[in-house]
Structures are given as structure tokens and as C-alpha cells.
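S.K.: Prediction below, plus the sequence it came from.
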Amino acid sequence: MTQLLEIAVVIPTFNEKANVPTLVAKLDQALAGRRWEAIFVDDDSPDGTAEAARELGRIDARVRVIHRIGRRGLSSACIEGMCATAAPVVAVIDGDLQHDETLLPKMLDLLQRDPDLDVVVGSRFVDGGGTGEWDRDRVAKSAFATKLSRKVLKGDLSDPMSGFFAIRTVHARRLAPELSAIGFKILLDLMTASDVPLRFAELPYTFRVRTEGESKLDHVVAMEYLIALYDRMFGRFVPVRFAMFSGIGVLGVGVHMGVLGLAMLAGAAFLLAQILGALAAMTFNFALNNALTYRDRRLKGFRQLLDGWVSFCVVCSVGLVANVGIAAFVHDFRDGGAAASALIGILVGAVWNYALSSKFVWGRY
């Protein structure tokens with residue numbers, strides 16, 4: 001008699017080649033006697049992670065690979081993996097071996113026993129759980145982020161930043177179109193996307209120390225977490241990408257004025273100083289948008305970066321013409337006030353720059 005598939009384990013990866021065989025062996029041991037599959041979702045890792053998983057898949061049909069080209073980001077990788085299985089339960093676990101895979105059968109048992117339960121979360125912050133060898137600074141930052149997340153959560157979840165959980169696949173598929181797919185915190189995205197609060201349970205585990213590869217945690221990840229919170233709170237009014245693009249544009253004005261002032265203090269003519277200021281601002285805006293606004297599509301390598309920078313400068317130059325032209329039209333032909341006309345011009349220029357940059361700078365690769 002054919003046994004039905006019980007659980008899929010989605011593993012988003014980037015440069016985790018050394019951990020792939022170890023993780024599969026650990027899953028085989030932890031889920032002994034259960035029908036399971038592992039889905040590695042790899043963002044085209046240069047170290048050959050996808051190929052390592054494919055090699056295992058040739059001898060173990062439970063191992064599958066989604067090799068993503070031109071698509072990046074942990075949350076979006078998890079979404080693709082969760083929607084690619086026929087299993088009724090799907091778990092998400094990191095490929096760095098820092099999550100406790102022995103918790104997976106307990107998560108599955110809870111969901112199979114209790115039909116009213118939707119999600120089981122591996123938590124570092126309930127009794128019996130722990131953060132391992134985290135230093136005091138990292139613990140404090142995590143606690144602060146958890147406190148912020150309660151502004152948007154529909155439940156008293158102790159570890160909303162956990163990347164280790166199991167969910168009924170029907171809910172993952174249902175919520176997939178509503179997910180922002182921003183940043184690293186897919187659990188927070190799922191918990192806040194549902195119109196009806198998901199019913200959850202938490203199981204304690206202790207976060208392990210990474211043994212292979214490099215940590216993906218950096219200041220940009222923290223920024224992405226804040227961006228995800230913004231998207232849940234205000235994204236329906238002002239799309240998060242446009243808000244970020246516009247905010248960076250405001251910072252760019254400060255860069256422009258600073259370089260302009262320094263150049264004139266150094267004796268440069270106004271026209272040259274203005275050109276230098278504009279180039280500095282566009283370079284600053286391009287770099288920050290590449291790192292933050294379009295992190296999931298960010299350009300890499302000298303050729304992509306140079307091509308992207310030139311395209312961005314061209315788009316912004318045309319946007320500046322549109323800004324001035326619209327403002328002049330409103331002021332001269334519609335009897336608009338100077339301030340109102342300027343603001344309308346700025347808004348049109350911002351929308352122009354955002355729309356064309358999305359398509360012709362970060363939409364080509």
C-alpha cells in the first residue's frame with residue numbers, strides 16, 4: 001500500500017554547499033518512519049549549492065531542487081518552495097544547520113492531532129528554548145524587533161522572527177498572493193497576511209552555532225525587517241518600494257547640496273559644482289536603491305553595476321526635465337502657486353524615476 005506524503009521541508013539556500021549532505025542526513029534521521037521530502041530553493045549560489053542538492057536527488061528521490069535564476073530573497077524562496085509541494089504540511093528550516101531538525105516530527109504530530117491548529121513555531125523565547133551563543137547585543141536587538149512586530153501581529157507569538165516553523169500547506173498557498181516577500185522574516189509575513197488570525201503553538205529549541213559557510217545576517221537584513229513591518233502597516237497606502245525610493249531621493253538632495261557647497265568652497269564655478277553635486281547624488285541614490293529598495297534584484301559585478309548606474313543617471317536626467325516642465329506648466333498656465341507647482345513637479349519626477357528605474361535599471365536582469 002502506497003504511503004501518502006506527510007511533510008515537505010523547504011530549505012532556502014545561498015552558498016550552503018557544504019551543509020547540503022549533512023542536513024539531508026539529519027532530516028533522514030529525524031523523520032525516520034515518516035513520509036517526507038526536502039525542497040532546496042537555491043538562489044543560483046556561485047558555490048554550487050544547487051548542483052550538490054541535485055547530486056543527492058539522483059540517488060534519493062525525496063530530495064528536490066528549485067534553482068532560481070534572476071530571483072533572490074529568502075522570503076520569496078520560501079513561498080516558491082511552499083507552493084511546490086503536494087504535502088499537507090510544509091516546514092521551513094535554514095540550510096545553515098542552526099535550527100533543530102529533531103523538532104520536525106513533533107511539529108508534524110501536533111498538526112496531525114489537532115485539526116484546529118494552523119502553525120507550529122520553533123521558538124527560542126519560550127521555556128526550554130534559547131539563543132545559544134548569541135552575545136548580549138544580538139539578544140537585545142532581537143527582543144526589540146520582537147516588540148516592534150507586536151504592532152502588526154494578530155496573536156501573542158513569542159518568536160515572530162523565527163525562521164523555523166511548520167504550517168498547513170493549504171494556508172501557505174492561500175496566503176501566497178498576499179505576502180510581501182520582503183526580507184528574511186517569512187513567518188511574520190504569513191502571520192500578518194491572514195485576515196483570520198492563524199492558530200499557532202510554539203515548541204522550544206536552542207539556536208545552534210553555524211559550523212559551515214558564512215552568516216547572512218547584516219545591517220541590511222535588519223533594515224529589511226523594518227521595511228517588512230512598514231509594508232504591513234502602511235503598504236496599502238504607499239507601496240513600500242516607492243516609499244523607499246522617495247526617501248532615498250530626499251537623502252540624495254542632502255548629498256547634492258553638500259557636494260555643491262564643498263565644490264564652491266574649493267573655488268569651482270557654480271555650473272561645475274552643480275554637475276558634481278548631481279552626479280554625486282545620483283551615484284548615492286543608485287547605490288542605496290541597489291542595496292535596499294531593489295535588494296531582491298540587486299545588480300552585481302562591475303558590468304552590471306556600471307550599466308545600471310548609467311541607465312539610472314539617464315532615467316533621472318529625463319525625470320528632472322519632466323519635473324521642471326510639469327512645474328513650469330502648472331505655474332504658468334494653471335496659475336498655481338510656486339510651492340504647489342514645485343511639489344507637483346517633484347511628485348511627477350519621482351513617479352517617473354521610480355517607474356522607469358524599476359523597468360530599465362533593475363528590471364533587466
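M.R.: Sure, I can see it.

S.K.: residues touching the closest residue to Ile93 other than its chain neighbours, list them.
M.R.: Among residues not flanking Ile93 along the chain, His99 sits closest, at 4.8 Å (C-beta to C-beta, 6 or more residues apart in numbering). No exception for glycine: its C-beta is placed from N, CA and C like everyone else's. With contact set as C-beta atoms under 8 Å, 6 or more residues apart in numbering, His99 has these partners: Ile93, Gly122, Gly163, Phe164, Tyr205, Phe207, Arg208.

S.K.: For those residues, give me a markdown table that also has secondary structure.
M.R.: Shown next, in a markdown table, are the contacts of His99 (DSSP: H, G, I helix; E, B strand; the rest coil):
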| residue | secondary structure |
| --- | --- |
| Ile93 | coil |
| Gly122 | strand |
| Gly163 | coil |
| Phe164 | coil |
| Tyr205 | coil |
| Phe207 | coil |
| Arg208 | coil |
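
S.K.: nearest to Leu179, of those?
M.R.: Using C-beta to C-beta, Gly163 comes nearest to Leu179 of the contacts of His99, at 14.7 Å.

S.K.: Which elements pack onto the host helix or strand of Ile39?
M.R.: Using DSSP states H and E, Ile39 falls within strand 36-42. Counting contacts by 3 or more C-beta pairs under 8 Å, 6 or more residues apart in numbering; DSSP states H and E, strand 36-42 packs against strand 7-13, helix 20-30, helix 49-59, strand 63-67, helix 74-82.

S.K.: what ranges of this structure fall below the confidence cut-off?
M.R.: Residues of the chain that meet the criterion pLDDT under 70 lie in 1-2, 131-155, 181-184, 209-236, 320-346, 365.

S.K.: Just the strands from it, written as ranges.
M.R.: For the chain, the strands defined by DSSP state E occupy 7-13, 36-42, 63-67, 89-92, 119-123, 165-168, 200-204.

S.K.: Distance to Ser357 and mean neighbour count for those strands - can I get that in TSV?
M.R.: Formatted as TSV, the strands of the chain follow (distance: least, C-beta to C-beta, whole Å; neighbours: other C-beta atoms under 10 Å):
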stretch	distance to Ser357	mean neighbour count
strand 7-13	27	26
strand 36-42	28	25
strand 63-67	28	19
strand 89-92	32	26
strand 119-123	37	25
strand 165-168	35	24
strand 200-204	39	18
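
S.K.: out of those, nearest to Pro21?
M.R.: It is, among the strands of the chain and with distance given as C-beta to C-beta, strand 63-67, at 9.9 Å.

S.K.: Would you pull up how far the closest one lies from the middle of the chain?
M.R.: Relative to the centre of its chain, strand 63-67 is centred 20 Å away, using C-alpha atoms, centre = their mean, to the nearest Å.

S.K.: likewise stretch 28-41?
M.R.: 26 Å.

S.K.: Show me what that stretch is in contact with.
M.R.: Here stretch 28-41 has contacts from 3-13, 20, 23-24, 27, 49-50, 53, 62-66, 68, 77-78, 80-81, 84-85, 87, 95, 101-102, 104-105, 108, using C-beta under 8 Å, 6+ apart.

S.K.: Report the buried members of those.
M.R.: 5-13, 20, 23-24, 27, 49-50, 53, 62-66, 68, 77-78, 80-81, 84-85, 87, 95, 101, 104-105, 108 (16 or more other C-beta atoms under 10 Å).

S.K.: Tell me how many other residues surround the nearest residue to Val120 once chain neighbours are set aside.
M.R.: Counting by C-beta to C-beta, 6+ apart, Val120 lies nearest to Met107, which is 4.1 Å off, once chain neighbours are set aside. Met107 has 23 neighbouring residues, counting by other C-beta atoms under 10 Å.

S.K.: show me the contacts for Met107.
M.R.: Counting by C-beta under 8 Å, 6+ apart, Met107 has contacts Val89, Ala91, Val120, Gly122, Phe165, Ala166, Leu203.

S.K.: which residues touch the closest residue to Asp127 other than its chain neighbours?
M.R.: Of all residues not flanking Asp127 in the chain, Pro204 sits nearest, at 6.4 Å (C-beta to C-beta, 6+ apart). Contact analysis of Pro204 by C-beta under 8 Å, 6+ apart lists Gly122, Ser123, Arg124, Val126, Asp127, Gly128, Gly129, Gly130.

S.K.: Distance of the third one relative to Gly254?
M.R.: Computed as C-beta to C-beta, to the nearest Å, the Arg124 to Gly254 distance reads 39 Å.

S.K.: So these two - more neighbours on which side?
M.R.: Between Arg124 and Gly254, Arg124 has the larger neighbour count (other C-beta under 10 Å), namely 23 against 11.

S.K.: Next, give phi and psi for that one.
M.R.: When read as degrees, to the nearest 10, the backbone of Arg124 gives phi -90, psi -10.
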